[in-house]
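[1] got a predicted structure plus its sequence, pasted below:
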Amino acid sequence: MKKILLILSLCFCCLLAKEQKLVDIPPSENFYPNLNTQECSINCLFELLESRLYLSFLSEFTDQKDQFLSNVYAKLLNSITDFDQAVQKITAVKMAIIIPEKTVKSYSNIIVNSSIAYLLRQRADIKVKVFLIGTENENKIRQTLDLIENQGYQYVIAALTLKGASALKDYSKNMKIFIPTLHKNFASNPNQNIIFGSIDYDAQIATLLEKTNSNIAVFSDNSTLSNNLNSRILEKNRDAKIYKIGGDKLNFSKLFNSQGSLNHTSIFFNTPLVKTALTSSQLRVHDIYPYVLLSTQINYNPAFLSLTQEADRKKFIIANSINNHDDNLSYLNEIFNQNIDYNWVAYATSIGTDYFYTNFLNQNSKSIFDERIENSQVIYKVRLMQGIKASFEELK
């Protein structure tokens, strides 16, 4: 019975996909990629299907020798990538989206959905096609770009990491490519048609350092993002002490004394939200009184307000580069179950789509963002925020 229901549901979704109704691809609520290396089992794959997380299913699928799941994988892949041109309205205005879904995982839904939400907001008569390429294989990326160009697309949103962007190092063609997931500081490509949209963690850290004293400590969980942020802080202050949070059972007394006293210290939390909330609360429990608590964008999340105590937030400052003031765009993103006011990937993708739309696809339209693009990089303003009662307020 379960399989019958799934087949009916998937058939219905395939029909919708052919009509370019991407709203039926549910988004991920994660702000950062799921770096879980464990294989998704048969039960796990069924749960993704039942939750209608189809892009997640595609990214997690491995051959389980289950014919039903293999058939579903093939049907979903075809339905998403092979849109029926006869159904779509004939238009010369086109935009392509490249998704290496096995690499970026939860970013896949965020980028597709935020692009569609923006175009709905502008009531744009634009043909959009999603190209799922699996991984960031260099040859696959180049072949896909050639295919996109041959099909008449001139504007591309590409969800690439540093590895994928390296395939563009010699790119010299005229298609405009926007990469919302990468900052220009980490890529070397002289082609002005490649634009980068990621927020600037270096600028956020520099702004946060203005609020510190000379005694700096950093909490880290050894993740790729955390280690990246650690290195940026150490570049600006070589004396910063790194406190490693590891394992499921944390010994906070041992952790807090591992690198010396934390009293009157400026503490950076380069950790995900739950670990940040738990660790910051334990400081007070262990009678530790820091000078200030700090975090980059990684902890700018409404859940921060519910997971932390008001007393712990009094000295907590979070850097934020999202400045959306369009209620209609917020509402449309909420339909896709994502919050553009806190999700920087969705925000960056929307800026890239807005850039293409207002500057090239419909020059009579007006941009809904304040950010500008300089030297092929979106420039973000860094605002310092504090959690006051039930909301974030900008620190004056």
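    All right, it came through fine. Source: prediction; values computed, not measured.
[2] so what's the residue nearest the centre of the chain closest to, chain neighbours aside?
    In the chain, the residue lying closest to the centroid (Cα atoms, centre = their mean) is V345, at 3.4 Å. Spatially, and ignoring its direct neighbours in sequence, V345 is nearest to I110 (4.9 Å; Cβ to Cβ, 6 or more residues apart in numbering). Where you see a C-beta, it was placed from the backbone N, CA and C, and this is true even at glycine.
[3] tell me how many other residues crowd that neighbour.
    Residues contacting I110 under the criterion other Cβ atoms under 10 Å number 31.
[4] next one: D248
    Around D248 there are 4 residues (other Cβ under 10 Å).
[5] where exactly do the strands run in the chain?
    Taking DSSP state E as the test, the strands found in the chain are 94-99, 127-132, 155-158, 176-179, 194-196, 216-220, 241-244, 266-270, 292-295, 316-320, 372-374, 377-379, 383-388, 391-394.
[6] where among those is average confidence lowest?
    Note on those: lowest mean pLDDT is at strand 127-132, with a mean of 92.
[7] pairing partners for it, with directions?
    Partners of strand 127-132 in the sheet, by DSSP bridges, are strand 94-99 (parallel).
[8] any idea how far the strand it pairs with is from the chain center?
    On the basis of Cα atoms, centre = their mean, to the nearest Å, the separation between the geometric centre of strand 94-99 and that of its chain is 17 Å.
[9] mind listing residues that contact it?
    55, 108, 111-112, 115, 126-133, 141, 144-145, 148, 151-160, 353, 356, 361 (Cβ atoms under 8 Å, 6 or more residues apart in numbering).
[10] extract the C-alpha set from it and format it as PDB.
    Coordinates of the C-alpha atoms in strand 94-99 are reproduced here as PDB (Å, rounded to 0.1, in the frame of the first residue of the first chain):
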ATOM      1  CA  LYS A  94      15.600  32.200 -20.200                       C
ATOM      2  CA  MET A  95      17.500  31.400 -17.100                       C
ATOM      3  CA  ALA A  96      19.300  28.200 -16.100                       C
ATOM      4  CA  ILE A  97      20.100  26.700 -12.700                       C
ATOM      5  CA  ILE A  98      23.000  24.300 -12.200                       C
ATOM      6  CA  ILE A  99      22.700  22.000  -9.200                       C
END
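[11] name the spans of this protein whose pLDDT lies under the cut-off.
    For the chain, residues meeting the criterion pLDDT under 70 lie at 1-38, 52, 55, 64, 77-92, 189.
[12] switch the cut-off to 80
    Flagging of the chain using pLDDT under 80 yields the residue ranges 1-39, 48-68, 71-93, 188-190, 247-249.
[13] contacts for stretch 257-269?
    Here stretch 257-269 makes contact (Cβ under 8 Å, 6+ apart) with 205, 208, 211-213, 215-219, 229, 233, 240-244, 256, 275-276, 279-280, 283, 288-295, 299.
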